[in-house]
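> I'd like to go over a predicted model; first the sequence, then the structure.
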Amino acid sequence: MRILEVLGIFLVALLAFFFAVFFRRRLLMLGGGTIRLQVRTSTMVPGRGWSPGIGQFVGDELRFHRMFSLAIRPKRVLDRRVLTIAERRLPTGPERLTIPGSWVILRCTSGDSQLEIAMAETTVTGFLSWLEAGPPRDPGSVPGRSIFGPRPLEG
């Protein structure tokens, strides 16, 4: 009888965990502006270390939340003002087992760090559009133009 009680408690805890993960995912996707993606968290073994998750666009940031986590805070935050795409490629080797075939891997640089992001090919178009649609880097560096033509010379 003791084994059945422990097994019952374990099953209830497991169901509660899955419900919490599902509920968290729904809360993240509630506001819109989310995509499915994978981020490479470890490069110790070639082709391994991919973590599935949800990318949430908030202003100039892409916030990466792990899929199977209870954390409210994002695991990684990418700022589009310093994010650049270095390479675009298809999954190769062991990556083909964990990443769907229709996905693309982007090698990015963010400041002085490098990372790899994998997402669906259709999502890449929207991601690149978001990346390029950012506001100008330094609005004060470009002098304004007069809407009435050139200024007359004083003299």
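Perfect, I can see it now.

> quick one, helices of this structure?
2-30, 95-98, 121-132 (DSSP state H).

> measure stretch 84-98 end to end?
For stretch 84-98, the first and last residues are 25 Å from each other (CA to CA, to the nearest Å).

> now do the buried residues in it.
Applying a neighbour-count criterion of 16 or more other CB atoms under 10 Å, one finds Pro91, Glu95, Thr98 buried in stretch 84-98. No exception for glycine: its C-beta is placed from N, CA and C like everyone else's.

> out of those residues, which is nearest to Leu28?
Using CB to CB, Thr98 is the member of these that sits closest to Leu28, with 21.8 Å.

> quick check: the closest one vs Asp60, distance?
The spacing between Thr98 and Asp60, counted by CB to CB, to the nearest Å, is 30 Å.

> what do you get for Met1?
For Met1, the distance to Asp60 (CB to CB) stands at 58 Å.

> please apply the same query to Gly8.
Distance of Gly8 to Asp60, given as CB to CB: 48 Å.

> again with Leu83
When CB to CB is applied, the distance between Leu83 and Asp60 equals 9 Å.

> quick one: the strands in this protein?
With DSSP state E as the definition, the chain shows strands at residue ranges 34-40, 50-58, 61-66, 76-79, 83-89, 103-110, 113-120.

> next one: stretch 22-30 to chain centre, how far?
16 Å (CA atoms, centre = their mean, to the nearest Å).

> to clarify, my last question referred to stretch 4-20.
Relative to the mean C-alpha coordinate of its chain, stretch 4-20 is positioned 31 Å out (CA atoms, centre = their mean).

> cool, stretch 90-101 as well?
18 Å.

> quick one: average pLDDT of that stretch?
In this model, stretch 90-101 has a mean pLDDT of 87.

> kindly report the same for stretch 42-51.
The model assigns stretch 42-51 a mean pLDDT of 75.

> okay, how far is it across it, tip to tip?
Using CA to CA, the span of stretch 42-51 from its first residue to its last is 9 Å.

> cool, and stretch 58-72?
With CA to CA as the measure, stretch 58-72 spans 15 Å from end to end.
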